[in-house]
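1. Okay, here's the prediction I keep looking at, along with the sequence it came from:
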Amino acid sequence: MAVREKYSAALYMRLSKDDSGFGESASISSQRKILRRYALENGFCVHKEYVDDGISGLTFNRPGFKRMIQDIENKQINLVITKDLSRLGRNYIMTGRYTEFYFPSKKVRCIAVNDNYDSDDLYSDMVPFRNVINEMYARDTSRKIRSALLARMQEGAFMGAHAPYGYERDAGDKHHLVVDEVTGTIVKGIFQKAAAGVLPIQIARELNECKIPTPSEYRCMSNPSLRIENFSKRREWTSATIIKILRNPVYLGHMAQRKTSKLSFKCPAAISLPASDWIIVENTHAPLVTNLTFELAARRSRQRTCIQGNGFNNLFSGIARCGDCGRRMSAVSSRKKGAEANLACGAYKQKGTRGCSNHFIAYDDLYEVVLCRIQSLMRRCGFSEPEKLTQDLLFHLVDHIEICQGHFGKTPSGRVKFQTIKIFFRFRPPE
């Protein structure tokens with residue numbers, strides 16, 4: 001058949017893990033044969049082939065698909081041929097956006113061979129229903145996979161993509177963890193130092209000075225196919241990394257999984273779940289620390305008090321946050337005679353006006369406001385009122401204190417800056 005010069009065709013092929021059960025009929029090679037034969041029989045000139053192998057149809061962030069869209073934007077393609085609409089995508093909203101809006105707006109014809117769909121055909125009203133059915137298949141598959149994963153987690157089988165730092169997968173059973181001789185020793189050292197009273201930030205500094213690879217770096221070193229850019233930007237140990245290790249029950253020999261949950265099978269974003277919702281199975285593998293060491297280290301990791309050289313302890317270190325940019329407030333010296341210190345925005349302190357505006361609050365003023373608020377709440381809840389604030393009291397009751405930008409007003413004594421303070425508590429008092 002003569003080649004139709006007006007068409008420059010793109011042959012798009014996709015295969016995800018969920019489709020592998022269909023065998024050769026859904027394989028990339030089979031799709032390629034079908035599409036090439038169809039283009040040849042109908043006289044379409046093939047501009048390029050685009051392949052996404054092993055990528056779910058629920059996402060449109062696929063390398064091959066994005067290259068095809070870029071070539072459409074460059075006006076190199078005006079015809080897209082695919083085996084069926086499910087190869088294009090299984091998210092019916094996004095698939096419909098391309099078939100009903102994007103392709104027509106770019107004057108691109110779309111053909112799904114096995115679905116007998118041709119966008120030039122005026123009688124293609126069943127396409128939206130096909131897209132819904134394709135998504136229903138993905139939804140059902142997702143439900144079955146999730147159910148199977150939960151069942152295995154409840155049995156104590158390790159279902160994570162990468163073994164926790166300090167462990168590695170058992171060569172004979174990939175769902176069982178064994179101690180990694182290299183990183184296991186490092187984890188033991190971290191717990192011993194924390195239990196002895198060394199702060200997480202100090203432990204992190206020591207590890208950085210000794211050039212010890214971070215968990216992300218070690219993971220990528222053990223698996224050359226991984227890129228460190230996808231896991232870590234800082235490439236150094238931080239106090240947050242140390243605290244995460246110190247609070248992970250996996251080092252007691254317990255399997256703790258399902259710490260996050262996806263918002264939807266179509267959305268990759270995940271939310272963190274409270275510890276009460278984790279799936280924890282005890283004694284599934286060899287522990288790296290004892291219960292006593294773990295408890296001592298975990299208690300030490302909660303220490304967030306900033307101790308200045310003059311003996312000033314900032315009880316709000318790590319708790320008070322700027323209401324404008326969300327960064328932590330840090331202690332700075334005060335010019336006021338007899339004042340302990342001021343709390344200033346950390347972003348402004350580091351970057352100046354590029355980070356945030358210049359505003360602060362007197363430490364004593366914040367102390368009095370928080371103490372009065374906690375006393376009021378505890379009075380309403382029937383508890384005895386604390387006479388002063390302590391680190392433990394703040395840690396257990398306060399999520400964070402948000403200090404918003406104030407404004408200037410005239411008073412008899414001169415110009416005064418008013419602050420708006422929001423205190424977020426971990427519990428809700430009775431009405």
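-> Everything's here; your move.
2. Pretty sure residue 158 sits in a helix.
-> No: under DSSP: H, G, I helix; E, B strand; the rest coil, residue 158 falls outside any helix and is assigned coil.
3. secondary structure element for the closest residue to it other than its chain neighbours?
-> Closest residue in space to residue 158, ignoring its immediate chain neighbours: residue 175 at 5.1 Å, by CB to CB, 6 or more residues apart in numbering. Every residue, glycine included, has its C-beta placed from N, CA and C. For residue 175, the host element (DSSP states H and E) is strand 173-179.
4. so how far is that strand off the chain centroid?
-> 25 Å (CA atoms, centre = their mean, to the nearest Å).
5. Stretch 369-389 too?
-> Distance of stretch 369-389 from its chain centroid, counting by CA atoms, centre = their mean, is 36 Å.
6. CA atoms of that stretch as CSV?
-> Output in CSV follows, covering the C-alpha atoms of stretch 369-389 (Å, rounded to 0.1, in the frame of the first residue of the first chain):
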residue,chain,number,x,y,z
VAL,A,369,2.8,32.6,77.3
VAL,A,370,3.4,28.9,76.8
LEU,A,371,3.5,28.2,80.6
CYS,A,372,0.2,30.0,81.1
ARG,A,373,-1.4,28.2,78.2
ILE,A,374,-0.3,24.7,79.4
GLN,A,375,-1.4,25.5,83.0
SER,A,376,-4.8,26.5,81.6
LEU,A,377,-5.2,23.3,79.6
MET,A,378,-4.0,21.1,82.4
ARG,A,379,-6.4,22.8,84.8
ARG,A,380,-9.3,22.1,82.4
CYS,A,381,-8.2,18.5,82.1
GLY,A,382,-8.1,18.0,85.8
PHE,A,383,-4.3,17.7,86.1
SER,A,384,-2.1,19.5,88.5
GLU,A,385,-0.6,22.7,87.0
PRO,A,386,3.2,22.7,86.4
GLU,A,387,5.1,25.5,88.2
LYS,A,388,7.7,25.7,85.4
LEU,A,389,8.4,24.4,81.9
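7. neighbours of the closest residue in space to residue 107 that isn't next to it in sequence, just the number please.
-> Once flanking residues are discounted, residue 107 sits nearest to residue 78: 6.2 Å by CB to CB, 6+ apart. By the criterion of other CB atoms under 10 Å, residue 78 has 17 neighbours.
8. cool, residue 388 as well?
-> Neighbour count for residue 388, taken as other CB under 10 Å: 8.
9. my read: it touches residue 371, true?
-> Yes: using CB atoms under 8 Å, residue 388 is in contact with residue 371, at 7.0 Å.
10. shaky segments in the stretch 301-431 of the chain?
-> Scanning the stretch 301-431 of the chain for pLDDT under 70 picks out the ranges 301-311, 391-392, 395-396, 399, 405-419, 425-431.
11. how about the helices of it, start to end?
-> 346-351, 363-380, 391-397 (DSSP state H, counting those that start in this stretch).
12. so which of those helices comes closest to residue 168?
-> helix 391-397 (34.2 Å; CB to CB).
13. can I see the domain layout of the protein?
-> What automatic domain parsing lists as the domains of the chain is 4-141, 156-301, 306-425.
14. Quick one: mean pLDDT for the first one?
-> This points to domain 4-141. Domain 4-141 carries an average pLDDT of 83.
15. re earlier: right, so of the helices of the stretch 301-431 of the chain, which gets closest to residue 144?
-> With CB to CB, the closest approach to residue 144 among the helices of the stretch 301-431 of the chain belongs to helix 391-397: 41.3 Å.
16. Single out the most deeply packed of the helices of the stretch 301-431 of the chain.
-> helix 346-351 (a mean of 18; mean count of other CB atoms under 10 Å).
17. Run the chain-centre distance for it.
-> 25 Å.
18. number of nearby residues for the nearest residue to residue 186 once chain neighbours are set aside?
-> Leaving aside its chain neighbours, residue 186 sits nearest to residue 212 (6.2 Å; criterion: CB to CB, 6+ apart). Using other CB under 10 Å, the number of residues around residue 212 comes to 16.
19. didn't residue 212 look like it was pressed against residue 236?
-> No: counting by CB under 8 Å, residue 212 stays clear of residue 236, with 10.0 Å between them.
20. give me every residue that touches the residue nearest to residue 107.
-> Taking CB atoms under 8 Å, 6 or more residues apart in numbering, we find residue 78 in contact with 6, 7, 8, 72, 106, 107, 108, 109.
21. With distance to residue 92, secondary structure and neighbour count added, can I get these in CSV?
-> Shown next, in CSV, are these (distance: CB to CB, whole Å; DSSP: H, G, I helix; E, B strand; the rest coil; neighbours: other CB atoms under 10 Å):
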residue, distance to residue 92, secondary structure, neighbour count
6, 31, strand, 10
7, 27, strand, 18
8, 28, strand, 18
72, 21, helix, 19
106, 21, coil, 14
107, 23, coil, 9
108, 20, coil, 20
109, 21, strand, 18
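22. immediately after the strand holding residue 175, which helix or strand?
-> Following strand 173-179 in sequence, per DSSP H and E, is helix 181-195.
23. So for that next one, mean pLDDT?
-> The average of the pLDDT scores along helix 181-195 is 91.
24. Kindly export it (C-alpha atoms) in PDB.
-> Taking Å, rounded to 0.1, in the frame of the first residue of the first chain, the C-alpha atoms of helix 181-195 are listed here in PDB:
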ATOM      1  CA  GLU A 181      28.900  -7.200  59.200                       C
ATOM      2  CA  VAL A 182      30.100  -3.800  57.900                       C
ATOM      3  CA  THR A 183      27.100  -1.500  58.800                       C
ATOM      4  CA  GLY A 184      25.900  -3.600  61.700                       C
ATOM      5  CA  THR A 185      29.000  -2.600  63.700                       C
ATOM      6  CA  ILE A 186      28.400   1.100  62.900                       C
ATOM      7  CA  VAL A 187      24.800   0.800  64.100                       C
ATOM      8  CA  LYS A 188      25.900  -0.800  67.400                       C
ATOM      9  CA  GLY A 189      28.400   2.000  67.900                       C
ATOM     10  CA  ILE A 190      25.700   4.600  67.300                       C
ATOM     11  CA  PHE A 191      23.400   3.100  70.000                       C
ATOM     12  CA  GLN A 192      26.300   2.700  72.500                       C
ATOM     13  CA  LYS A 193      27.200   6.400  72.100                       C
ATOM     14  CA  ALA A 194      23.600   7.600  72.400                       C
ATOM     15  CA  ALA A 195      23.100   5.400  75.400                       C
END
